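Colleague: Got a sequence here, can you build the structure:
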Amino acid sequence: MDRTQSLAALSMVKHTVEVDVGGKIISIETGYVAKQAAGSVIVRCGETMVMSTACDGDPRPGLDFFPLTVDYREKHYAAGRIPGNFFRREARPSEHETLVSRLTDRPLRPLFPNGYKRDTSCQSMVMSFDQENEADVLSMVGVSAALHISFIPFGGPIGAVRVGQIDGKLVVNPTTSQRLASDLDLVVAGTADAITMVECGAKQISEDRVVEALVLAHENIKRICAAVETLRSKVGKPKMAHQEPVESPWTKTILEKYRAQIEAALLTVNKHERGATVKKCRDGIITDLFNGDAEKAMEIKAAFGDAKDVVFRELILKGKRVDGRDTKTVRPIVIDLDILPRAHGSAMFTRGETQGLIVCTLGTSEDEQMVDGLKPKYNERFLLHYNFPGYSVGEVERRPGPGRREIGHGALARRALLAVLPKAEDFPYAIRLVSEITESNGSSSMASVCGGSMALMAAGVPLAAPVAGIAMGLVKEGERYAVLTDILGDEDHYGDMDFKVCGTDKGLTALQMDIKIAGISPQLMREALEQAKQGRLHILAKMNEAIAAGREKLSPYAPQIIQIQIDPLLIGKIIGKGGETIRRIQEETGAKINIDDDGIITIASPDMTSIEKAKGWISDLTELPEVGKEYPATIKAIKEFGAFVEFIPGTEGLVHISEWDWNHIQDLNSVAKEGDQLRVKLLEVDQRTGKFRLSRKALLPEPENREPRPPQAEGDRPPRREGSYGGDRGGDRGGRERGPRR
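Modeller: Sure thing, here's the model as predicted:
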């Protein structure tokens, strides 16, 4: 082996660490794939594999924020599938990929050093998916590990796990199949010292139980962090030097001379008035201090922002909030229902200076969204779309489509309401909620939850219970802290925690928590959850005054839907050859029909008349023909020996020419034609062939002096062949005479 080959071999040495999480082994390896990235790892659990990378770029001049990009992508080959879109290749990220990207980003961002502004890109790619071990938590672990072993300054590592509850028992990293039986879906990220991020959906779980799950999650997170530290000890690169910005001396000067002015400016109740007052205060301080030096003016302006941050937080720790509330008071609530006359359900929810118009639309199964990802394709019947236009905060904005934040807020509100929706068999509608945020000063996603709950009930959706949401905040300095109920936008911006809590009067349905500090203790979490519960119950009481349960009647503009059950063996009869029968039913009745494999038929239409017609047609199709019973019929074909008639939709039989009338008929074409309507009686079902013999004559009164029937020569009667009458309309119409067998 020459020197070049030796160097190549050395550069491809794999290093692996393993950790047991929830009884399953997670391995993290590096040194073999994507070696030119600043850091790269492959994380495995079972046969699920995620490759995560971290790359660094030069800082961009004039940038005043940290340009971190986190992307999670799923490759369809990972599940042995080809993308179902027109291009047959992975295109823009799906909503699921966007949500996992956010899930990965949120616990990482606060752990970069203050003032760090180098371009940083983190990517996760699912390369293999075994349909059982979820890839999202592996992505979070992988990106953290890639950053931690790289030269990029990062205050991690973090670990991440999912916790479920199955039959009352908490399960760490449940499999995909186990999650179907779980009434808790909790994703937790954190460092070895504290929890830093929570994302949760639940079926009315108690606050105490959620805290138990958080403690269990953190125990496993510690083990993951220890494994990543072991990997860094083997292959970690020296960290890039970074000098955190030094506090400007102007900040101290401003606090000493102008603290009272800043406090007075901040304590202005209205959001826009407060902004104008603070700006006027800032401009006055700059004019007072800069003495005509433009460069000094910019330094003072930046220092004023830092000073304002200090004053804002100190006010909260003293129990003063800028809108005059104490730490536990919810802003005034105003509710208006049915403000859109043509919508199936609508609610305007206003809380302080945050307002959302939430609209519910009901549809049929055709309106469900088909989801095509790594898991088998499925239809989603409940959609929630959240829109946050610029005018809601008085800004000029041109946005081509929903951003990551809008997708994330919509997903949180959807998760909160999903737990109380009726089952599809009890309420067979597709449901779409749209939240239009018309004003915002904090907690707009929680306004979407409250308004969404009421819009659903206004539309007649029978919820298990109303759901309310509230956003909690935290300001913490050393041992001093204040937990805030129903936070404003400024309190979110300057605070240390954004903790959104949703639930009914019985328990929690959704949580989302992001921490800007090192983390919070379980005791502080309990306190925040208890304070959130009191705020949630207050909001629920206000909502119940407006509407407390789903209305009994749907909007007259909503589709009407009924369901009927048939024998699954009869499904083919309703569908017909090539879908002919079901298309005919829909065209002639105007109803939409969907048939499940288990024989449940859903019939939908704007009016009940169409539904009843379709229901009657299906009833006829599934009815077993009864000897001696009368049926309306339609002539389908006329032969020399009789007429084939359809007496049950899709089912034909023969009215022999001798059974047409009491009087002799020489040629049936002289008295009947195709398409004629008549009534017939079923005389016989051939037990051997299943063919049907019908009579028109049996329903006519016998005349007193009827014509004698002429004698019939032996060779005049057509031979009776198998298949000469009756049967379903499949194949070659069953009852029609066929050519001679060859």
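Colleague: Could you use CA atoms for every contact and neighbour count after this?
Modeller: Noted.
Colleague: List the buried residues of the helix or strand where I335 lies.
Modeller: Element membership of I335, judged by DSSP states H and E, is strand 333-337. For strand 333-337, burial by neighbour count (16 or more other C-alpha atoms under 10 Å) applies to 335, 337.
Colleague: Direction included, what does that strand pair up with?
Modeller: strand 345-351 (antiparallel) (DSSP bridges).
Colleague: Tell me which helix or strand in this structure has the weakest average pLDDT.
Modeller: Within the chain, no helix or strand scores below strand 727-728, which has a mean of 42 by mean pLDDT, DSSP states H and E.
Colleague: in the stretch 601-742 of the chain, which ranges drop under the pLDDT threshold?
Modeller: Applying pLDDT under 70 to the stretch 601-742 of the chain flags the ranges 706-742.
Colleague: For it, which segments count as helices?
Modeller: For the stretch 601-742 of the chain, applying DSSP state H, counting those that start in this stretch gives helices covering 608-622.
Colleague: ok, which stretches of the stretch 151-300 of the chain are helices?
Modeller: 176-179, 207-235, 249-266, 271-290, 294-317.
Colleague: if I pick the residue nearest to A241 when sequence neighbours are not counted, what's in contact with it?
Modeller: Leaving aside its sequence neighbours, A241 sits nearest to P153 (C-alpha to C-alpha, 6 or more residues apart in numbering; 7.6 Å). Counting by C-alpha atoms under 8 Å, 6 or more residues apart in numbering, P153 touches 112-113, 239-242.
Colleague: mind redoing it with 7 Å?
Modeller: 112, 239-240 (C-alpha atoms under 7 Å, 6 or more residues apart in numbering).
Colleague: Can you tell me how far D20 is from R44?
Modeller: In this view, D20 and R44 are 12 Å apart by C-alpha to C-alpha, to the nearest Å.
Colleague: repeat for K280
Modeller: Relative to R44, K280 is positioned 56 Å away (C-alpha to C-alpha).
Colleague: These two: who's more crowded?
Modeller: Set side by side, K280 and R44 show more neighbours around R44, with 22 against 12, by other C-alpha atoms under 10 Å.
Colleague: show me what contacts that one?
Modeller: R44 neighbours (C-alpha under 7 Å, 6+ apart): 26-28, 50.
Colleague: Give the bridge partners for it, please.
Modeller: S27, M49.
Colleague: Would you mind measuring from it to I585?
Modeller: R44 is 52 Å from I585, by C-alpha to C-alpha.
Colleague: Also A541?
Modeller: 48 Å.
Colleague: how about G390, phi and psi?
Modeller: Main-chain dihedrals, G390, degrees, to the nearest 10: phi -60, psi -30.
Colleague: can you pull the pLDDT of the closest residue to it other than its chain neighbours?
Modeller: If the residues on either side of it in the chain are set aside, G390 comes closest to E397, at 5.1 Å by C-alpha to C-alpha, 6+ apart. E397 carries a pLDDT score of 80 in this model.
Colleague: and what of the one 10 residues further on?
Modeller: Per-residue confidence (pLDDT) for I407: 94.
Colleague: Just give me the neighbour total for it.
Modeller: Neighbour count of I407, defined by other C-alpha under 10 Å: 19.
Colleague: Does it fall in a helix, a strand, or a coil region?
Modeller: helix (DSSP: H, G, I helix; E, B strand; the rest coil).
Colleague: And it, how close does it get to T504?
Modeller: In this view, I407 and T504 are 23 Å apart by C-alpha to C-alpha.
Colleague: so who does the closest residue to G159 other than its chain neighbours touch?
Modeller: Spatial nearest neighbour of G159, chain neighbours left out: I221 (4.7 Å); criterion: C-alpha to C-alpha, 6+ apart. By C-alpha under 7 Å, 6+ apart, the residues touching I221 are 159-161, 190, 192.
Colleague: Which of those residues sits closest to V393?
Modeller: Taking C-alpha to C-alpha as the measure, V393 lies nearest G190 of the contacts of I221, at 32.7 Å.
Colleague: element containing Y481?
Modeller: Y481 belongs to strand 480-485 when assigned by DSSP H and E.
Colleague: Return the two entries of the contacts of I221 that lie farthest from one another.
Modeller: The most widely separated members of these, counting by C-alpha to C-alpha, are V161 and A192 (13.0 Å).
Colleague: Compare those two (neighbour count), which wins?
Modeller: A direct count of neighbours by other C-alpha under 10 Å for V161 and A192 places V161 higher, at 26 against 19.
Colleague: Surely D486 is in contact with M472?
Modeller: Yes: D486 is within contact range of M472, at 5.6 Å (criterion: C-alpha atoms under 7 Å).
Colleague: Could you name every residue contacting both of D20 and R44?
Modeller: Jointly contacting D20 and R44 under the rule C-alpha under 7 Å, 6+ apart are I26.
Colleague: Need the contact partners of stretch 333-344.
Modeller: By C-alpha under 7 Å, 6+ apart, stretch 333-344 touches 345-352, 359-362, 459, 555, 557-558.
Colleague: which of those are buried?
Modeller: 345-352, 359-362, 459, 555, 558.
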